[in-house]
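S.K.: sequence first, predicted model second:
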Amino acid sequence: MNLFTDLRGVVVEALDQMAKAGELPQGLDLANVTVEPPRDPAHGDMATNAAMVLAKPAGMKPRDIAEKLAARLTDPRIAAAEVAGPGFLNLRLSPVVWQQVVAAALKAGLEFGRSNMGAGQRVNIEFVSANPTGPMHVGHVRGAVFGDALARLLAFSGHDVTREYYINDGGAQVDVLARSAYERYREANGLEPEIREGLYPGDYLIPVGEALKAEYGSSLLDKPEEDWLVAIRDFATLAMMEQIRGDLAALGVQMDVYSSEKALYGTGKIEAAIARLKDMDLIYHGVLEPPKGKLPEDWEPREQMLFRSSAHGDDVDRPIQKSDGAWTYFAPDIAYHFDKIERGFDKLIDVFGADHGGYVKRMQAAVRALSAGRVPLDVKLIQLVKLYKNGEPFKMSKRAGTFVTLRDVVEEAGADVTRFIMLTRKNDAALDFDFAKVLEQSKDNPVWYVQYASARVHSVLRRAAEAGIDVGDSALTGADLSVLNHPTELELARKVAEWPRLVEHAARAHEPHRVAFFLYDIASDLHSLWNRGNDDTSLRFVQEGEPATSQGKIALVRAVGVVISSGLAILGVTPAEEMR
């Protein structure tokens with residue numbers, strides 16, 4: 001049940017009636033007509049912009065349209081339709097509407113707010129994709145949480161979602177990993193490791209070295225690099241990916257597909273993608289102008305094979321092959337996205353670190369060209385997380401081996417707290433993660449505040465059950481909801497009604513942080529009603545000696561609990577039943 005969508009349908013039907021009656025021109029485009037909460041709640045429960053957006057194409061004054069529309073809005077749910085300002089139309093709804101929302105939420109349960117907006121469209125979300133050279137660190141946590149929450153949000157709104165991890169195992173970094181693991185293998189065999197500059201010094205490779213000894217004994221010692229590099233590279237990469245899978249699982253993230261960059265080389269996939277672009281006359285040989293400022297790695301002052309990405313929205317054309325015949329980093333990425341298109345996805349979403357901002361336009365250009373504009377690519381950039389420990393900024397350095405791992409964060413704060421806090425800012429805004437603040441019990445800690453609301457819902461249900469009141473959802477759905485008539489109770493019911501609309505808006509914008517914000521707001525409204533009950537006994541959820549009245553009021557509390565549980569499920573957080 002999406003009340004806003006339902007009432008928009010009522011408005012559109014009234015506009016159609018006006019057109020048939022000659023009060024509006026026929027054939028007006030109604031796509032931009034909306035029904036939304038007014039900016040000022042004092043103006044009503046909902047507002048429509050119909051008169052404002054139709055005035056110009058209709059050749060009429062907005063107020064004239066609004067007045068005629070108000071007269072035709074005779075739906076019993078609409079208690080009053082009031083023209084305001086230049087032509088906005090504010091709607092006041094009957095209290096029974098909000099009472100019906102409570103019943104609808106209870107009847108639907110955790111399915112309340114789920115929609116078919118996505119119409120089964122196949123969406124691929126690629127996220128994390130950390131180099132398999134070590135365990136995941138705190139810098140990866142935010143992208144992992146964001147990508148997984150976005151996948152849950154899109155699935156809840158009717159999309160067919162695939163979570164994908166792109167293993168960057170085709171570059172020079174995995175050779176560095178192999179050399180680093182070899183030194184730990186030597187160490188496992190009783191020799192002094194030579195962790196020279198440029199290798200990975202972290203202790204996390206010690207178990208890999210021991211596993212290599214168990215596999216190869218001392219047979220690889222003193223062998224030239226060409227004899228062991230490939231074997232140890234594959235062994236260490238598999239070991240790191242196993243650890244990364246475990247790290248993701250600790251955070252509650254499960255990938256559907258793991259794709260390998262290495263699998264693109266020597267298989268003809270890169271060549272096939274480039275051939276497709278050649279067929280479109282988008283590949284040529286030329287010399288790029290030197291960029292202003294710092295020179296990128298793929299720029300050469302000589303002729304290269306270039307992709308005409310500027311023809312599809314990029315600022316400049318991009319190299320895909322160097323003068324020595326080696327592919328640039330961009331070439332396998334083109335092939336990888338071409339593979340996604342060939343797999344039949346309708347939408348692609350890439351979750352990148354903020355340092356990849358310069359990569360966005362070229363990747364979107366490639367996807368636009370390879371799909372003939374059919375498949376959109378949305379790239380979400382994830383800003384850095386600033387980690388604080390003991391009140392001081394805690395810096396990490398993967399090369400120095402002193403970084404904070406994902407497991408460190410989860411073990412210190414817990415997966416639920418970590419996930420929620422990572423979604424309390426929009427993805428492209430910096431986020432501070434202070435261990436002290438994320439664990440404190442106060443209104444300033446959003447995850448605690450929302451979980452406290454969830455615990456209060458369960459507390460009410462337990463107390464009512466102990467008093468002999470039937471608090472099963474079927475009993476509460478059939479309760480007398482007319483007892484919900486206080487402005488504060490109706491305001492909370494209005495918040496419940498906003499949930500389906502919020503889900504659709506967040507899904508369209510690819511912004512799961514909106515769910516976290518909404519949960520904080522509805523938790524605040526529940527706490528406010530609870531506190532009012534301390535002074536006004538008529539607002540208490542359990543009314544002594546009045547089981548029927550209690551059921552009506554508890555139905556509202558339970559509906560809020562449904563929304564909180566549903567929203568937390570999208571965020572990947574387990575709702576609390578009691579606070580410790």
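M.R.: Ah, there it is. In this text the structure is predicted, and so the values were computed from the model without any measurement. Numbering: from 1, shown residues only.
S.K.: for the stretch 301-450 of the chain, which segments count as strands?
M.R.: Under the criterion DSSP state E, counting those that start in this stretch, strands of the stretch 301-450 of the chain are mapped to 304-307, 318-321, 347-353, 377-382, 385-389, 392-393, 431-434.
S.K.: reformat these as CSV; add distance to residue 200 and mean pLDDT.
M.R.: (C-beta placed from N, C-alpha, C; glycine too.) As requested, the strands of the stretch 301-450 of the chain are arranged in CSV below (distance: least, CB to CB, whole Å; pLDDT from 0 to 100):
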stretch, distance to residue 200, mean pLDDT
strand 304-307, 31, 94
strand 318-321, 29, 94
strand 347-353, 19, 97
strand 377-382, 23, 98
strand 385-389, 21, 86
strand 392-393, 24, 81
strand 431-434, 25, 92
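S.K.: what residue in this structure is the furthest from its centre?
M.R.: residue 222 (49.5 Å; CA atoms, centre = their mean).
S.K.: look up which helix or strand that one falls in, please.
M.R.: Applying DSSP states H and E as the criterion places residue 222 outside every helix and strand.
S.K.: what's the average pLDDT for the strand or helix carrying residue 206?
M.R.: Per DSSP H and E: residue 206 is located in helix 206-216. Mean pLDDT, helix 206-216: 97.
S.K.: repeat that for stretch 448-457.
M.R.: Computed over stretch 448-457, the average pLDDT equals 97.
S.K.: dump it to CSV, restricted to CA.
M.R.: Provided in CSV are the C-alpha atoms of stretch 448-457 (Å, rounded to 0.1, in the frame of the first residue of the first chain):
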residue,chain,number,x,y,z
TRP,A,448,21.4,3.1,19.3
TYR,A,449,18.4,5.5,19.0
VAL,A,450,16.7,3.3,16.3
GLN,A,451,17.5,0.1,18.1
TYR,A,452,16.1,1.5,21.3
ALA,A,453,12.9,2.2,19.5
SER,A,454,12.8,-1.4,18.2
ALA,A,455,13.4,-2.6,21.8
ARG,A,456,10.6,-0.4,23.1
VAL,A,457,8.2,-2.0,20.6
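S.K.: starting at the chain centroid, how far to that stretch?
M.R.: Taking CA atoms, centre = their mean, to the nearest Å, one finds the center of stretch 448-457 at 22 Å from the center of the full chain.
S.K.: residues in contact with it?
M.R.: 416, 420, 440-443, 519-520, 522-524, 526-527, 530, 557-558, 560-561, 564-565, 568, 575-579 (CB atoms under 8 Å, 6 or more residues apart in numbering).
S.K.: so which of the residues you listed are in strands?
M.R.: When strands are assigned by DSSP state E, not one member of the contacts of stretch 448-457 lies inside them.
S.K.: just the buried residues of those.
M.R.: Among the contacts of stretch 448-457, those scoring as buried are 416, 420, 519-520, 522-524, 526, 530, 557-558, 560-561, 564-565, 568, 575-576 (criterion: 16 or more other CB atoms under 10 Å).
S.K.: ok, the lowest-mean-pLDDT helix or strand in the chain: who's next to it in the sheet?
M.R.: The helix or strand of the chain with the poorest confidence is strand 392-393; it has a mean of 81 (mean pLDDT, DSSP states H and E). Using DSSP bridges, the strands paired with strand 392-393 in its sheet are strand 385-389 (antiparallel).
S.K.: list the buried residues in the partner strand.
M.R.: Residues of strand 385-389 classed as buried by neighbour count (16+ other CB under 10 Å): 385, 387.
S.K.: quick one: contacts of it?
M.R.: Residues contacting strand 385-389 (CB under 8 Å, 6+ apart): 138-139, 141-142, 393-394, 396, 404, 409, 422, 430-436.
S.K.: CA atoms of that strand as CSV?
M.R.: Provided in CSV are the C-alpha atoms of strand 385-389 (Å, rounded to 0.1, in the frame of the first residue of the first chain):
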residue,chain,number,x,y,z
VAL,A,385,36.1,7.0,6.3
LYS,A,386,38.1,8.9,8.9
LEU,A,387,38.8,6.5,11.8
TYR,A,388,39.3,7.7,15.3
LYS,A,389,40.7,5.6,18.1
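S.K.: off-centre distance for it?
M.R.: Remark: strand 385-389 is offset 21 Å from the chain centroid, using CA atoms, centre = their mean.
S.K.: next one: stretch 59-66
M.R.: Centre to centre, stretch against its chain (CA atoms, centre = their mean), the figure for stretch 59-66 is 40 Å.
S.K.: same check, this time on stretch 9-20
M.R.: With CA atoms, centre = their mean as the basis, stretch 9-20 stands 36 Å off its chain's centre.
S.K.: stretch 420-432 too?
M.R.: From the chain centre to the centre of stretch 420-432 is a distance of 11 Å (CA atoms, centre = their mean).
S.K.: just the buried positions in it, please.
M.R.: Those would be 420-427, 431, for stretch 420-432 by 16+ other CB under 10 Å.
S.K.: secondary structure element for residue 187?
M.R.: Per DSSP H and E: helix 173-188 holds residue 187.
S.K.: got the contact list for that helix?
M.R.: Helix 173-188 has contacts (CB under 8 Å, 6+ apart) with 131-133, 168, 192-195, 198-201, 205-206, 208-210, 212-213, 216, 220-221, 225, 228-230, 232-233, 235-237, 240.
S.K.: just confirm residue 270 is within a strand.
M.R.: No. Secondary structure of residue 270 (DSSP: H, G, I helix; E, B strand; the rest coil): helix, not part of a strand.
S.K.: what about it, how many neighbours?
M.R.: Residue 270 has 21 neighbours, counted by other CB atoms under 10 Å.
S.K.: list the contacts for the residue lying closest to it once chain neighbours are set aside?
M.R.: Closest residue to residue 270 in three dimensions, ignoring its sequence neighbours and counting by CB to CB, 6 or more residues apart in numbering: residue 335, at 4.3 Å. Neighbouring residues of residue 335 by CB under 8 Å, 6+ apart: 264, 269-270, 272-274.
S.K.: let me know the pLDDT of the most centrally placed residue in the chain.
M.R.: Nearest to the mean C-alpha position of the chain, by CA atoms, centre = their mean, lies residue 150 at 2.6 Å. pLDDT for residue 150: 98.
S.K.: skipping adjacent residues, who's closest to it in space?
M.R.: residue 512 (5.2 Å).
S.K.: confirm for me that that neighbour is in contact with residue 506.
M.R.: Yes. With contact defined as CB atoms under 8 Å, residue 512 reaches residue 506; the gap is 6.3 Å.
S.K.: identify the contacts common to these two.
M.R.: Shared contacts of residue 512 and residue 506 (CB under 8 Å, 6+ apart): residue 153.
S.K.: any low-confidence regions in the chain?
M.R.: 293-299, 395-402 (pLDDT under 70).
S.K.: can you list the domains in it?
M.R.: 3-93, 173-250, 441-571 (automatic domain parsing).
S.K.: between its first and last residues, how far does the second one reach?
M.R.: Between the opening and closing residues of domain 173-250 lies a distance of 25 Å (CA to CA, to the nearest Å).
S.K.: also the last one?
M.R.: In terms of CA to CA, the two terminal residues of domain 441-571 are separated by 20 Å.
S.K.: give me the subset of the buried ones among the contacts of stretch 448-457 lying in helices.
M.R.: Applying DSSP state H to the buried ones among the contacts of stretch 448-457, the entries found in helices are 416, 420, 519-520, 522-524, 526, 530, 557-558, 560-561, 564-565, 568.
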